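Peer 1: Please work out how this folds:
(one chain, ligands or ions: 2)
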Amino acid sequence: VLGADEEPETKPYNKDETEAGEPTNEEAESIQKQRKLLPAFAVRSDLMRTIAENQVTVVIGETGSGKTTQLTQFLYEEGFGSNLSSNGERRIIGCTQPRRVAAMSVAKRVSEEMNCTLGEEVGFAIRFEDKTDPKKTLIKYMTAGILLREILADPMLEKYSCVIMDEAHERTLDTDILLGLFKQLIRRRRDLKLIITSATMNADRFTHFFGDAPQFTIPGRTFPVEVFFSKNSNADYVEAAVKQVLTIHLQNTKNQKNDGDILVFMTGQEDIEITCQLLQEKLDLLENPPPLDILPIYSTLPADLQKKIFSKSNSLKRKVVVATNIAETSLTVDGIKYVVDSGLVKLKVYNPKLGMDTLQLVPISIANAQQRSGRAGRTGPGITYRLYTERATEEDKMYVQPIPEIQRTNLTNVLLLLKSLKVNDINQFPFLDPPPKDLLNCSLYELWSIGALDNLGELTELGKAMTKFPIEPTLSKTILLSSRPEFHCSEEIITIVAMLSVPSVVVRPKERAAEADLAREKFLISESDHLTLLNIYTQWETNLRKFKNNYYKINSWCNKNFLQLKSLLRAKDIKNQIVLIMKKNNFPLTRSKSDEDVRKCLCASFYQQSAKLVKVNVGGATEFLNLRHSYMKMYLHPTSSLIGSTPESIYVIYHELVLTTKEYMNVVTVVDPLWLLEYGSKFFYIADKYKQRIQSVVNIDLPDRSDIERALERDTHEFEKKQE
Ligand code: ADP
Ligand code: MG
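Peer 2: Ligands and ions are numbered 1, 2, ... in the order given. This next block holds a predicted model:
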């Protein structure tokens, strides 16, 4: 609990994360007992010998065998935390995770097992959050993305004596790029140990990739799992899951005894929350139902709530964990007997038409389905209920293996990184699976269009500077432009970028939507959602200062204004970190003289995402046409500040597209078409017939579809030619 005069730097929102459940003596003892029961413990010495004798080792083991939590500790106990580097500094043990939640949760667990404070001997680092101590930390869990960025500053990874690439079979984009970089690095750093852990699927690929590296399999015991399919395909998988869970729960609770917990696989925060809510509602309708603990788990869930899923199984109260695919391999929940599998996953997929990644709901692969089923058979025989038909798996509707991320998502971020690591010819890079050529070209083209690459495909000065920020290229470009004298508004832009990097700051509960909209009105800047975000932040910060950082006062101010305190505090944190990067690199911090400068700067960075107003009321929505793909209709998001202002000609830039019922532009700012011409000359020009009139009528003609396509094709060809 915060006192009236404490600094906000005590970060109230972090309090529960760091202080929840410091283990008591008894707990510590029981933790040590648990450790010794793990399959990894039984093979410790053989495993350590294999690692000692080889530079690269592939470790395979069932989930829950102790790979993630034990390997780092074994290595530490073997002295890998006290190796010295060439310049006499202590080298540490690194462990990469594909997911942020896993990095945090596992670091916490290991710090408990080692009986130390999280952030000291054992720490973690994820984007915008570094809980490590440069002097004390010996075991560092981090996302693969963090290690990638560290390679930029320290190409030989001098800081590490060994690196464990955990969950490599997940084949996330960052992991795949790291694998390629390590293939090159291990030749230059013969003393660096690399350990790749993998579920059984894919393990051979890694072995071959690293020149027949030895495989070490942690023997584990699994129990048979019976699999039931749905008879018919389910129109609503959430409803089907709820029904299935209740059936399991009610049929298998005799004399109030829980015979095993339930794990449900859903796709994301939204359907997880609805599932939990529906379960509770249905349960409440029953008379004296057997008790059920309903626990959600997804990446943005606060840490103290995440921890609940690990609570000991209880013979009197069944628990049902409703999870994303994070529970497939990353996190192990003990005591699961029943699995309910929606058969779906939310995947990032590059949409060439939109020129960006979109989240799509797709069927999981057969390998994932097996992995999910396996979760029911860890402690005894189990049962899996698949909410899809057996035919769905037979008719080639499911892939055998998931498609690696590198073959389906936007590559601009990693390409920029590789370019700055002087990997000039991407085609020569040792990919485990190379990205498709189209995807590669699209991403290179994007980088060229925002000015990160020149016509020869070389990194520009702007491109080089962009890599200093751990954010997507367009946003780092905005920051860099804003610090130029011509725009002179980096303070404002940094705040906007920070606000764009956190989960939504406005709260809009369905029951109180009208009230929430009214509260939002006083923050609105009618020509810009970006400026509205800035305005919200500025007013919030003013009040934070006025209340002398009193947590209760600022919290009630936020509630009154339908704002999310947690997101705002996080934005403040991110803003401070960006400011640090600015100072470190001598990029000027400047305050704008007018809103127009900020809008100009946004236009200069987002001209490739621009649109022109067409009709104000099309079935209640405001319709725009995309300026780069003029055949593409887009709509103003119902929460946009622009709703209601209806000038005759509006050009806008937008931060992102959200695909729900319509193609909605999210976070929009009105720009002057002349700015588009000035900054976006790569795409926009004035047709000859308008040239004389341009003085009086500011109106860029929309070239028709074929014109744009021809222009784009021409550019792409020229660009590709130069690439070759
Ligand atoms: P693997 O990486 O091989 O899948 P882990 O090292 O993640 O296995 O897990 C080993 C054991 O530690 C499992 O039984 C798991 O339930 C337990 N465990 C992991 N994290 C936690 C935690 N935060 N709280 C309690 N138990 C945990
Ligand atoms: Mg693991």
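Peer 1: When you work out contacts or count neighbours from here on, use the C-alpha atoms and nothing else.
Peer 2: OK.
Peer 1: Quickly list what the residue in the stretch 601-724 of the chain that ligand 1 sits nearest to is bridged to.
Peer 2: Taking CA to the nearest ligand atom as the measure, the stretch 601-724 of the chain has V658 as its residue closest to ligand 1, at 33.9 Å. Bridge pairing for V658 (DSSP bridges) gives the partners Y664.
Peer 1: show me what contacts it?
Peer 2: 358, 664-666 (CA atoms under 8 Å, 6 or more residues apart in numbering).
Peer 1: Next, format those as JSON lines and append neighbour count and distance to V321.
Peer 2: Below are these laid out as JSON lines (neighbours: other CA atoms under 10 Å; distance: CA to CA, whole Å):
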{"residue": "T358", "neighbour count": "18", "distance to V321": "27"}
{"residue": "Y664", "neighbour count": "22", "distance to V321": "33"}
{"residue": "M665", "neighbour count": "24", "distance to V321": "34"}
{"residue": "N666", "neighbour count": "20", "distance to V321": "32"}
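Peer 1: list the contacts for the residue of the stretch 251-400 of the chain found nearest ligand 2?
Peer 2: Closest residue of the stretch 251-400 of the chain to ligand 2, CA to the ion: S330 (5.0 Å). Contact analysis of S330 by CA under 8 Å, 6+ apart lists 63, 102, 167.
Peer 1: how does it look with 7 Å?
Peer 2: By CA atoms under 7 Å, 6 or more residues apart in numbering, the residues touching S330 are A102.
Peer 1: follow-up on the earlier one: and the residue of the stretch 601-724 of the chain closest to ligand 1, how close does it get to V345?
Peer 2: The span separating V658 from V345 equals 18 Å under the rule CA to CA, to the nearest Å.
Peer 1: ditto for S610
Peer 2: For S610, the distance to V345 (CA to CA) stands at 31 Å.
Peer 1: Those two: which is more packed in?
Peer 2: Using other CA atoms under 10 Å as the criterion, S610 and V345 rank with S610 on top: 26 against 20.
Peer 1: what's near enough to touch the more buried one?
Peer 2: 626-627, 652-654.
Peer 1: please redo it, this time with the cut-off set to 10 Å
Peer 2: If you count contacts by CA atoms under 10 Å, 6 or more residues apart in numbering, S610 has them with 603, 624-629, 651-655, 665, 668-671, 673, 676, 680.
Peer 1: Could you list the low-pLDDT ranges of the protein?
Peer 2: 1-24, 352-353, 395, 630, 646-649, 687-724 (pLDDT under 70).
Peer 1: Just the closest residue of it to ligand 2, please.
Peer 2: Residue of the chain nearest ligand 2, by CA to the ion: T68 (4.2 Å).
Peer 1: Report all helices and strands that whichever strand or helix holds that residue contacts.
Peer 2: Taking DSSP states H and E as the criterion, T68 maps to helix 67-77. On a contact count with 3 or more CA pairs under 10 Å, 6 or more residues apart in numbering; DSSP states H and E, helix 67-77 meets helix 39-42, helix 44-53, strand 56-61, strand 92-97, helix 100-113, strand 139-143, strand 160-165, strand 193-198.
Peer 1: can you rerun that using 6 Å?
Peer 2: Under the contact definition 3 or more CA pairs under 6 Å, 6 or more residues apart in numbering; DSSP states H and E, helix 67-77 sits against no other helix or strand.
Peer 1: How about that helix and ligand 1, touching?
Peer 2: Yes: with CA under 6 Å from any ligand atom as the criterion, ligand 1 is reached by helix 67-77 at 67-70.
Peer 1: Present those residues as a markdown table; the columns should include neighbour count.
Peer 2: Shown next, in a markdown table, are the residues of helix 67-77 next to ligand 1 (neighbours: other CA atoms under 10 Å):
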| residue | neighbour count |
| --- | --- |
| K67 | 24 |
| T68 | 27 |
| T69 | 20 |
| Q70 | 18 |
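Peer 1: so where do the strands sit in the stretch 351-500 of the chain?
Peer 2: For the stretch 351-500 of the chain, strands defined by DSSP state E, counting those that start in this stretch occupy the ranges 356-363, 382-389.
Peer 1: Please identify the deepest-packed of these.
Peer 2: The highest mean neighbour count among the strands of the stretch 351-500 of the chain, using mean count of other CA atoms under 10 Å, belongs to strand 382-389: a mean of 22.
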